[in-house]
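predicted model follows, preceded by the sequence.
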Amino acid sequence: MKAIPTLIRQAGTLVMLAMASHAVLAADPVKIGVPVGLSGANSVVAPSVVQAAQLAVDEINAKGGILGRQVSLEVADDGSGAAGAQKAFDSLIFDKKVNALISMETSAARNAGLPIVTRGKVPFIYTSFYEGRSCNRYMYVDAWVPDQQVAPIVDYFVKQYHAKTFFLIGSDYAFGRGMLDFTKTYIEKQGGKVVGNEYLPMDGSDWTPIISKLQGAKPDAIITSTAGGAPNVTLTKQLRAAGVRVPYGNLAVDEGTAKSMGVDAEGIYISGSYVTNIDTPANKTFMAAMQKRFGSDLKTPNDLSVPEYEAIYLYKAAVEKSGSFDTAKVIPALAQVSFDGPRGTIQMSKQRHTPLTMYLGQVQANGSVKVIQSFKNVDPGAQCPALK
Amino acid sequence: MLNLGLDIATTAAILFIVSAGLLMVFGVMKIINFSHGAFLTVGGYASVIVAHAGLGWWWSVPCALAVGFVLGMLVERFIVRPLYARPLDAILATWGLGIIVGQIITLIFGRGVQMVASPVDGAVPFLGTQYSAYRLILVGVAVLVALALGWLVNGTRLGLQTRAVIMNEALARGLGISSARVRFMTFCTGAALASTAGCLITPLASVDPNMGVPWIVGAFMLVLVSGSSLVSLAVASLVLGGAQVLVSTFVNPVLGGLTIAVLAAVLLRFRPEGFARG
C-alpha cells in the first residue's frame, strides 16, 4: 500500500518542477501604478476606484494577460494632494518601475505628479473628470471636462423650462470657479442671461445671504458647483429650507451622495458619463462581475471608478496594437484604440481627451437617478490643440 | 428689505445658540474651550443616532443635551480639572481633545456626510413674505436659550454662587462656596449647550466629522468681545452677525466670511472690554 503515496509524491514533485520552470520562463508581470487618494478628500471615493482596477486586472489575467505577461497593480496613497502625489508618483515610477500610471486623482495631485511623469517617461491615463485643459505629452484622459458636462443641463433647462435667466452658486476654489466660468460663457452663448454668480469659501456653511440674493433675482433656474460632500449638502438643505423650487442643476453631486441626501435631493438634475442603471449589456455584465468579485464589500461603481476600469483595457489594447510596452510606441497607439465598456465605446481620440455619451439624470423621491435623456458622443472640444 | 432684516435676525440667533456654551465656560473658568467644535459635532451625530433609531427629529434635542452633559462631566473631571492652574495647557488639552473626538467619530461613522431629515419643510408666509420656517423657529429657540440661561444664572442658588465665583473666586471660596463644584457644573452646562446647538443646526447643515470647525472661529470672536455677559453676547451676535449679512449681501460672500473676525479684532483694539460693560 506504499505505492500510492509515492506516486502522489512523485506527481507533486513534477507539478512543482513544472511550476518552477514556468515561473522562470514567464516574464515579470506588467505593473500598473494607481496613485489615488486613499486618505484625505478623495478617501470616500478611492476604494471604488481600486475595486474597478482590481476587476479589470483579474479579468485580463484570466484571459492570459497583456502580450502573455500577467498584470499586477501597485496602489499608492497620494493623500489627495500635491505633496502626497509627488511621493506616490516618484516611488511608483522610479522604485516600483511601473509600466503605466492609470488613476483618478484631485487636480492638485495630478498637477504635482505630471512633471515626474515627464521625467520618468511613462504613459499616464487620468481617469477623473476635471476642469479641463491640462496637457502633457504622456497623459491621456478618458473622463469628462466642463465642455461635455454643462451643455446637457443648460440645454435641457432652456428647452424644457424655457429658462432665460440663471443663477450660479459655487465654492470658492479652482474646480468650482472653473466649472461656473464655463457655464456662464455657455449660457450667454445660448442667448441666456446669468443674473447672479456667487461663491462661498470652501469651509463656509451659511449660505443665507446668497439664497436671499437668489430669491431677489428670481431666476428661471439655478446651477451649482460646490466642493463635494459637506458644502454641497449644506447648500442643498438651505435651498430647500428656504423653499427654493426652481429647476436645480448640480454639477458636483454624484449618485451616491444624492441617494444619501434623501428627500432634499429630490428633483435635482445631474449630468455625467456614468450612472449605475445604464441599460446596456456591457454595463449589466460589468455590474454583475463587480457584484460577484466583491460581494458585500462592493463600493457602488460611479463616474470616477468606471473610467479606471475602461482605461486599463485601453492601455492593454494600445500595448497589443503597438506590440510593445515601449512608451514611444504606446502613446500614439492610445489615441487609436477603443474599448466597449460600461459607458459605451471609449476612444481617447480628441486631443488626448474622449468624446463621451453624457446622461442627464434627475434624482427621484426614493434616491435613485432616473435618466431623462442621453446625449451621444458629446465632443470634449479643443482641450490640447498644441499637443502632437 | 424685510428679508434682509430676517436674515440678520436669524443669523444672529444661530450665532447666539452656537456661542452660548462657549461663553458659559469662558465666563466662569477663564478657559477657552477649544473642544467646543467637537461638542457641536457630537450633538450633530446624536441626531444621526436618533434618526437611525427611527425616532422623530425633536427627540434629538434632549438626546444631544444629555450626551453633551455626560461627555462634559467626563472631560471636566479627567482633562480640564487637573489643568485649572495652567490655562495655556488647558487650551492645548482641549484642542487635542477636539482632534481625538473628531477621529473617534470618523472611526465609528466614517468620513462621509450623514443625513438627518428636517423637522419642518420649506418656507412659510411671514409678514407678507416667504421665509425658511426652520430659521424662524431658531429665533424662538435662541430666545428660549437666553431666558433659560438667564434664569439659571440670576434665579438659582447655583447661579448666585457662579456669579460670586466670576466676580472674585478667592473671596467666594472664603465664604464657603465650592468653586470646584461651580466650575464642574458650568463646564457640563457649556458642553450640553454646545452639543444641543450642534443638533439644532443639523436641519441647515451637513453632519460630518468636521461640522463644528466652521462655527468655532466666529463663536470665539463673539465670546471674546462679550466677556461673560449673556446680554453682551446677544448684542454682539446681532451687531457682528448683522455686519456679516450686510457685507455678504452688498459686497461679497467671501469677504462676508471674514467680517466677524475682522470687526471683533478692530473692536478689541479700540475697546478692550468689547460689548461688556467696562
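Here it is on my side, so go on.

residues touching whichever residue of chain B sits closest to chain A, list them.
Using CB to the nearest CB, the single residue of chain B nearest to chain A is B:Ala123, 2.8 Å away. All C-beta atoms are positioned from the backbone trio N, CA, C, and that covers glycine. With contact taken as CB atoms under 8 Å, 6 or more residues apart in numbering or on different chains, B:Ala123 is in contact with A:241-243, B:130-133.

what pLDDT does B:Pro203 get?
The score at B:Pro203 is 89. That number is its pLDDT.

was I right to think it contacts A:Arg240?
No. Here B:Pro203 lies out of contact with A:Arg240, judged by CB atoms under 8 Å, at a distance of 9.6 Å.

which residues of the stretch 201-350 of chain A lie near chain B?
The stretch 201-350 of chain A has residues A:201, A:203-206, A:208-210, A:212-213, A:215-216, A:229-234, A:237-238, A:240-243, A:257, A:260-264 near chain B, with proximity defined as CB under 8 Å from any CB of the partner chain.

just the buried residues of those.
When neighbours are counted using 16 or more other CB atoms under 10 Å in any protein chain shown, these contain these buried positions: A:201, A:204-206, A:208-210, A:212-213, A:215, A:229-234, A:237-238, A:240-243, A:257, A:261-262, A:264.

from those residues, which land in helices?
When helices are assigned by DSSP state H, the members of those inside them are A:208-210, A:212-213, A:215, A:230-234, A:237-238, A:240-241, A:257, A:261.

before we move on, back to that, so what sits against both of B:Pro203 and A:Arg240?
Between them, B:Pro203 and A:Arg240 have B:Ser118 as joint contacts when contacts are counted by CB under 8 Å, 6+ apart.

name the residues of the longest helix seen in chain B that come out as buried.
In chain B, taking DSSP H as the definition, the longest helix is helix B:2-29. Of the residues in helix B:2-29, those scored as buried under the neighbour-count criterion (16+ other CB under 10 Å) are B:3-4, B:6-29.

repeat that for stretch A:355-373.
Counting neighbours by 16+ other CB under 10 Å, stretch A:355-373 gives A:355-363, A:367, A:369 as buried.

of the residues you listed, closest to B:Val70?
Ranking the buried residues of stretch A:355-373 by separation from B:Val70, with CB to CB as the measure, puts A:Gly367 on top at 34.4 Å.

the nearest residue to that closest one once chain neighbours are set aside sits in which helix or strand?
Counting by CB to CB, 6 or more residues apart in numbering or on different chains, the nearest residue to A:Gly367 once its immediate chain neighbours are dropped is A:Lys259, at 4.0 Å. Counting by DSSP states H and E, the element that carries A:Lys259 is helix A:255-261.

who touches that helix?
By CB under 8 Å, 6+ apart, helix A:255-261 touches A:228-229, A:232-233, A:236, A:253, A:265, A:268, A:270, A:275-276, A:300, A:302-303, A:361, A:363, A:367-369, B:112-115.

centre of the chain to the host helix or strand of A:Met179, how far?
Taking DSSP H and E as the definition, one finds A:Met179 inside helix A:174-189. Mean-position distance between helix A:174-189 and its chain equals 20 Å (CA atoms, centre = their mean, to the nearest Å).

repeat that for stretch B:57-77.
Taking CA atoms, centre = their mean, the mean C-alpha location of stretch B:57-77 is offset from the chain mean by 13 Å.

wait, isn't A:Leu387 in contact with A:Cys135?
Yes. With the criterion set as CB under 8 Å, A:Leu387 and A:Cys135 qualify as a contacting pair; they are 5.3 Å apart.

who has more neighbours out of the two?
For A:Leu387 against A:Cys135, the residue with the higher neighbour count under other CB atoms under 10 Å in any protein chain shown is A:Cys135, and the figures read 16 against 11.

that older thread, look up phi and psi at the residue of chain B closest to chain A.
Backbone geometry at B:Ala123, expressed as degrees, to the nearest 10, gives phi -100, psi 160.

nearest residue to it other than its sequence neighbours?
Leaving aside its sequence neighbours, B:Ala123 sits nearest to A:Gly243 (CB to CB, 6+ apart; 2.8 Å).

surely A:Val306 touches A:Arg343?
Yes. Under the criterion of CB under 8 Å, A:Val306 lies in contact with A:Arg343, with a separation of 5.9 Å.

how much space separates A:Leu304 from chain B?
According to CB to the nearest CB, to the nearest Å, A:Leu304 stands 15 Å off from chain B.

so for that residue, what pLDDT did the model give?
Taken from the predicted model, the pLDDT recorded for A:Leu304 is 91.

swap in A:Val369?
At A:Val369, the predicted lDDT confidence score is 87.

helices of chain B, residue ranges please.
Using DSSP H, the helices assigned to chain B run over residues B:2-29, B:36-52, B:60-75, B:87-109, B:133-154, B:157-167, B:169-174, B:179-200, B:213-226, B:230-250, B:253-270.

rewinding a little: so for the contacts of B:Ala123, which is the shakiest by pLDDT?
Lowest-confidence member of those: B:Gln130, scoring 85 (pLDDT).

what bridges to it?
B:Pro125 (DSSP bridges).

list the contacts for it?
By CB under 8 Å, 6+ apart, the contact set of B:Gln130 is A:215, A:243, B:123-124.

how close does it sit to B:Val266?
If you measure B:Gln130 against B:Val266 using CB to CB, to the nearest Å, the figure is 36 Å.

and if you look at B:Ala146?
Distance of B:Ala146 to B:Val266, given as CB to CB: 26 Å.

the more surrounded of the two?
Set side by side, B:Ala146 and B:Val266 give different neighbour counts by other CB under 10 Å, the larger being at B:Ala146 (18 against 10).

so what pLDDT did the closest residue to A:Thr236 other than its chain neighbours get?
Distances taken as CB to CB, 6+ apart put A:Asp264 closest to A:Thr236, at 5.3 Å, once the chain neighbours are dropped. A:Asp264 carries a pLDDT value of 84.

show me what contacts A:Asp264?
Residues touching A:Asp264, when contacts are defined by CB under 8 Å, 6+ apart, comprise A:233, A:236-237, A:240, B:115, B:118.

with these in mind, which one is nearest to B:Arg77?
Once CB to CB is applied, the member of those that ends up nearest B:Arg77 is B:Met115, at 34.2 Å.

in terms of contact, does that closest one touch A:Ala265 like I think?
No. Under the contact definition of CB under 8 Å, B:Met115 does not touch A:Ala265, with a separation of 9.2 Å.

all helices for chain A, in order.
Shown for chain A, the helices assigned by DSSP H span residues A:3-25, A:46-62, A:82-90, A:107-120, A:146-161, A:174-189, A:208-217, A:230-241, A:255-261, A:281-294, A:306-322, A:327-336.

alright, I will stop here.
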